[in-house]
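Trainee: Quick one, structure for this:
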Amino acid sequence: MSEGGVVGDRAYALRDKETGKVASAKHPKLWPSLLACHAAFVDATRQDDELPAVRIELADGSVVLSDAPDVDAVLSRFFGRDVELAHAAQNGYTIDQYHPDEENYDPEGHRDEVVEARLGAAFFNERGLPSAVPGGSFFDLFPLSVLTTSSLDQLGELEPQSRFDARRFRMNVIVETPARGFVENEWLGRTLAIGDDVQIGVALPDPRCVMPSLAQEDLPKDSRILKALAQHNRIDVAGALYPCAGVYAVAEATGVIRRDDRVSLV
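Mentor: Residues are numbered from 1 along each chain as shown. Predicted structure coming up:
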């Protein structure tokens, strides 16, 4: 864990050369295969070291390395668009985000509509706010995200017909918690100590987009996922109500996080 989040997280993205926008599964009709692809560093990442190459496995089973001379050509053929693998976000980068036709999803009223969204440091800069996102990174809003098993269990009890699997939410840290309910909602403004060294400051609830409802790995497409969040965990974020799951955070003390590390509020 570095000051900028998990080392190597959101280090790369696909950029559409025609539009200049970053490819995102938040627009599933344009990028239907993104969540079926996988990427992993070929070697372990270490703080302050240069990042190793990334092994990219596409949904058709083909593989290409991030430092391969033909990486952009391979990715462009697969996605059917002229794309490039980007290692640094341009200031003011945008994505296309689909807003489903759901009540109580978007406080601005977008329904069944694709909206251009400005993310990363530019999201804060255009509002005159300090950014928690390191320059050049591809984070949406904050460098860290945390979710508890209590929230997953609560959603599963409220909507038992759906699978509230942690993989749907793509979080950095999953905390196993014995309490009931959406317990991390009470952590805003608090600090979490993880293991021997790491401390993270909990900043905001994590508003959710359409992505947790999409099919990925063995999890089926399920529009009830987002509906459940809108019904049961709609929270004020910067003056507007959003369906949320988990919380955003920033690193306050760096170090190594290991599976089964103890987590406590300090």
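
Trainee: Show me the domain layout of the protein.
Mentor: Residue ranges for the structural domains of the chain, counted by automatic domain parsing, are given in the record as 1-141, 142-266.

Trainee: Most tightly packed of those?
Mentor: Scoring the domains of the chain by mean neighbour count under mean count of other CB atoms under 10 Å gives domain 142-266 as the most buried, with a mean of 17. All C-beta spots, glycine's among them, are computed from the backbone N, C-alpha and C.

Trainee: and that domain, how far apart are its ends?
Mentor: In terms of CA to CA, to the nearest Å, the two terminal residues of domain 142-266 are separated by 21 Å.

Trainee: Angles on the backbone of Ser264, please.
Mentor: Main-chain dihedrals, Ser264, degrees, to the nearest 10: phi -140, psi 150.

Trainee: hang on, it packs against Ala193?
Mentor: Yes: the pair Ser264 / Ala193 is scored as a contact, 5.1 Å apart, by CB atoms under 8 Å.

Trainee: quick one: common contacting residues for the two?
Mentor: Common contact partners of Ser264 and Ala193 (CB atoms under 8 Å, 6 or more residues apart in numbering): none.

Trainee: rewinding a little: can you flag the weakest of the domains of the chain by average pLDDT?
Mentor: Within these, confidence is poorest for domain 1-141, with a mean of 93 (mean pLDDT).

Trainee: what separates that one from the chain centre, distance-wise?
Mentor: From the chain centre to the centre of domain 1-141 is a distance of 10 Å (CA atoms, centre = their mean, to the nearest Å).

Trainee: What of stretch 256-263?
Mentor: 20 Å.

Trainee: CA atoms of that stretch as PDB?
Mentor: Extracted as PDB, the C-alpha positions of stretch 256-263 are listed here (Å, rounded to 0.1, in the frame of the first residue of the first chain):
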ATOM      1  CA  VAL A 256       1.700  -4.300   3.500                       C
ATOM      2  CA  ILE A 257      -1.800  -5.700   3.800                       C
ATOM      3  CA  ARG A 258      -2.100  -9.500   4.100                       C
ATOM      4  CA  ARG A 259      -5.100 -11.800   4.000                       C
ATOM      5  CA  ASP A 260      -6.500 -12.300   7.500                       C
ATOM      6  CA  ASP A 261      -4.900  -9.100   8.900                       C
ATOM      7  CA  ARG A 262      -6.800  -7.700  11.800                       C
ATOM      8  CA  VAL A 263      -8.800  -4.600  11.100                       C
END
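
Trainee: Provide the contact partners of that stretch at residue level.
Mentor: Contacts for stretch 256-263 (CB under 8 Å, 6+ apart): Met1, Val173, Val175, Leu192, Ala193, Ile194, Gly195, Asp196, Asp197, Val198.
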